[in-house]
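# Only the shape, not the letters, is given here:
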C-alpha cells in the first residue's frame, strides 16, 4: 500500500479553511512527511495522523508555507517523549534555522535529529521496501521535488510449474531469491520459467513549487500518482511564470507527457475561493485528475 | 474601550482544539498583538481579527508556543500589501531569527518592520491614548509581561458650576486643558471647582509564563484585568515550580494581592482536557476569575 494524505492544499496565504502545504506519504506502517507549513501539527491532530510513526521529513524549499510548521512539530515530538531518531531532508540553511530557534529556547530535543542537506539530484532513502530520491525544480529559490518508489516484490514461485519441472519444495526458498535449479542430470531450469513476476512497485512523485518545467515528465515517467502544483488557472499563465508557479493546464501537460496513472493538483492561490475550475481545466489535457482535498487520502494505484 | 480577545489559551502542545498563546488587545480602532503562537493567523481568520489594524506586536519570550506564528503572519501581511510600519517588541534574538528566515526565503517585507529589543523594565509605547510597559517575570529563559494603561481622559467642564462662577463659555476650552479662571476682580476660580474628573483609565496586565512571583502584584496593583498563566492546578505546585510555571491558586493569590478588578487564567497544560477545575480552584482565593476561552473578547471594566 502506498498512499498520500493531504494536510494542506493552499499556497502561502491561509484562506477559506485551506492550509499551507503538507502531505503524509504512507507505506505499510511508515509515514513520510512531505513539507510542513504552519499548523501542520494541528492538522495532524484533526486527521488522526500518528506523529510517532514519522521517521523522515522532506522539505522542498524555504518559503514559509512549506516549512514554518516544522519547528513546532519537532518541539511537540520532544514534549511527548519521542525517542526514535528523525531524519530531515531539506535545503542546507534549514539546519541553521532550526538550531537557532532551539538555542534561544534553551531546548534540547529528546531524540536524535539527523539533518541531510539536499543538493544534486539523488537518492535520499534506499532500503528493502522503498527508495526516495530528489530532483530539482524551477522556483525563485532552490527547490526540490521528491520521487517515492516502492521496491518491486520478489518473484513468486509457481508451485505447479515448479513441481512439473521436478523441483522439490525445499528449494522454493532459493527460487524466491532468484536462483536457477540444477537437476541431477545437469539440466538447468531457469528461474523465470517457474516463477511469476510481482507487479511493479507503486510510485509517487511530489513536484513542489515550480515553474512549468517539461523535463519533470522525464523524471516522473510512468509514475503511478503525480502531485503537481497548480497555483493558478491558465488564464494567469503569465503571472504563474513571473512568480515561478504553474497552471492547472501546465500540470496536466506534465502528467500526460509522463504518462502518469493519475494527477493530483494542489498549492492553490488564495484568490480562488472554489477549486472546481482547476479540475475542469486539467481534465481537458489529462482526464484522470483530482484536486487535493484536505484530510483526504489518495491511494496510489 | 479596552478589551482583550483570546486566540490561544493552551501551553506548548496543541490539544483539544486549544491553540498556543496569542491575544489581541483592542483600544478604539487600534489592535495590539500579544504573543503569537503557531497558527495565530489562522485563528485571526476564524475570529475575524483585522490583521491590518495591528500596529504593535509584543512577544514575551522565545519558547515556540509564544512566537512560532509570527514569521508566517509577517509574510501574510506582506503578501496582502500592508504598507503601514509594524513595531515588534521582543527578546533581542528574535530579530536574528526573523532576519534569517526572510534571508533564505529571499523575501523583503513590503512594509517597514521596526524591531525593539526588550531589556530592563520600562515604557515601550507612550502616546496620548495609551502607555504600554514591560516587566520581567521568572521563567526558564528571559521572559516579560506587559502592562497596558489607557490614559485618563481630561477633566470635563461642569457647565452649571462654571456659569454660576461667572466663567464665559468661550473659556471652556482652556478649562478642559486645566487652566484656572481669573475674574475681572482678580479672584481665581480653581479649575477643580468647575470641572469633573474623568474616571481612571482602564488597565490590563499580561503576565506571561512565570513561576509564582509575588512582586507581580505590585506591578499590577489595582489593574482592571489581570491575565496570569495557570499551567497547572495546585496539586501540581511542585511540577509548576520546577517548570517555571504557576498554578490557578497562585494566579489567584497574585490577583488578590494586587486588588485586581478581574482575573483571567490561561496557558493550560495539555494534560487537562477540561478547564472548569481551574476556575473552581481560583475563585476560592479570588472570586472574580474567568478561564480564557478562545474566540471570546473580555472587556476591561
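Arrived safely, thanks for sending. As the structure is a prediction and not an experimental result, all values here were calculated from the model. Residues are numbered from 1 along each chain as shown, chains lettered A, B, ... in the order given.
# For residue A:152, which non-adjacent residue is closest in space?
Nearest residue to residue A:152, sequence neighbours excluded (CB to CB, 6 or more residues apart in numbering or on different chains): residue A:201, at 4.7 Å. All C-beta spots, glycine's among them, are computed from the backbone N, C-alpha and C.
# which residues does the one you found contact?
Going by CB atoms under 8 Å, 6 or more residues apart in numbering or on different chains, residue A:201 touches A:149-153.
# now do residue A:13
Taking CB under 8 Å, 6+ apart, we find residue A:13 in contact with A:270, B:76, B:79-80.
# Quick one: buried ones out of those?
A:270, B:76, B:79 (16 or more other CB atoms under 10 Å in any protein chain shown).
# Distance of the last one relative to chain A?
Spelled out, it's residue B:79. Applying CB to the nearest CB, to the nearest Å, the value for residue B:79 to chain A is 5 Å.
# Hmm, residue A:11 and that residue touching each other?
No: assessed by CB atoms under 8 Å, residue B:79 is found out of contact with residue A:11, at 9.4 Å.
# Nearest to chain B: which residue in the stretch 151-300 of chain A?
residue A:270 (8.4 Å; CB to the nearest CB).
# Near chain B, which residues of the stretch 1-150 of chain A are found?
With the criterion set to CB under 8 Å from any CB of the partner chain, the stretch 1-150 of chain A comes near chain B through A:12-15, A:19-20, A:38-39, A:41-42, A:45, A:62-65, A:68-69, A:71-72, A:75-76, A:79-80, A:91, A:93-94, A:96-97, A:100-101, A:104-107, A:140-141.
# How about the contacts made by the residue lying closest to residue A:83 once chain neighbours are set aside?
Using CB to CB, 6+ apart and skipping residues adjacent in sequence, the residue nearest residue A:83 is residue A:111, 5.6 Å away. Residues counted as contacts of residue A:111 (CB under 8 Å, 6+ apart) are A:77-78, A:82-86.
# ditto for residue A:82
Shown in contact with residue A:82 (CB under 8 Å, 6+ apart): A:51-52, A:110-111.
# try it again with 7 Å
By CB atoms under 7 Å, 6 or more residues apart in numbering or on different chains, the contact set of residue A:82 is A:52, A:110-111.
# mind checking how far it is from residue A:185?
Distance check for residue A:82 against residue A:185: by CB to CB, to the nearest Å, it reads 60 Å.
# Residue A:11 too?
From residue A:11 to residue A:185 the distance is 69 Å (CB to CB).
# Ok, residue A:100 next?
Counting by CB to CB, the gap from residue A:100 to residue A:185 is 72 Å.
# burial measure for the residue of the stretch 101-250 of chain A found nearest chain B, as a count.
Of the residues in the stretch 101-250 of chain A, the one nearest chain B is residue A:104, at a distance of 4.4 Å by CB to the nearest CB. By the measure other CB atoms under 10 Å in any protein chain shown, the count of residues near residue A:104 is 21.
# Now do the contacts for it.
Residues in contact with residue A:104 (CB under 7 Å, 6+ apart) are B:62, B:93, B:97.
# Phi first, then psi, for it.
Per-residue torsions, residue A:104: phi -80, psi -10 (degrees, to the nearest 10).
# And for residue A:156?
Torsion angles, degrees, to the nearest 10, at residue A:156: phi -100, psi 140.
# Now for it: which residues touch it?
Contact partners of residue A:156, counting by CB under 7 Å, 6+ apart, are A:195-196, A:198.
# repeat for residue A:252
Going by CB under 7 Å, 6+ apart, residue A:252 touches A:263, A:282, A:285-286, A:289.
# Try it again at 8 Å.
A:263, A:281-286, A:289.
# how many other residues sit next to residue A:179?
So residue A:179, with other CB under 10 Å, has 11 neighbours.
# Tell me if I'm right that it and residue A:192 touch.
No: assessed by CB under 8 Å, residue A:179 is found out of contact with residue A:192, at 11.6 Å.
# quick revisit: so what's the backbone phi/psi at the residue of the stretch 151-300 of chain A closest to chain B?
The phi/psi pair for residue A:270 (degrees, to the nearest 10) is phi -70, psi 0.
# correct me, but it touches residue A:17?
No: contact criterion CB under 8 Å: residue A:270 and residue A:17 do not qualify, at 11.5 Å.
# rewinding a little: which ones among the contacts of residue A:252 lie within helices?
Within the contacts of residue A:252, residues falling in helices by DSSP state H are A:281-283.
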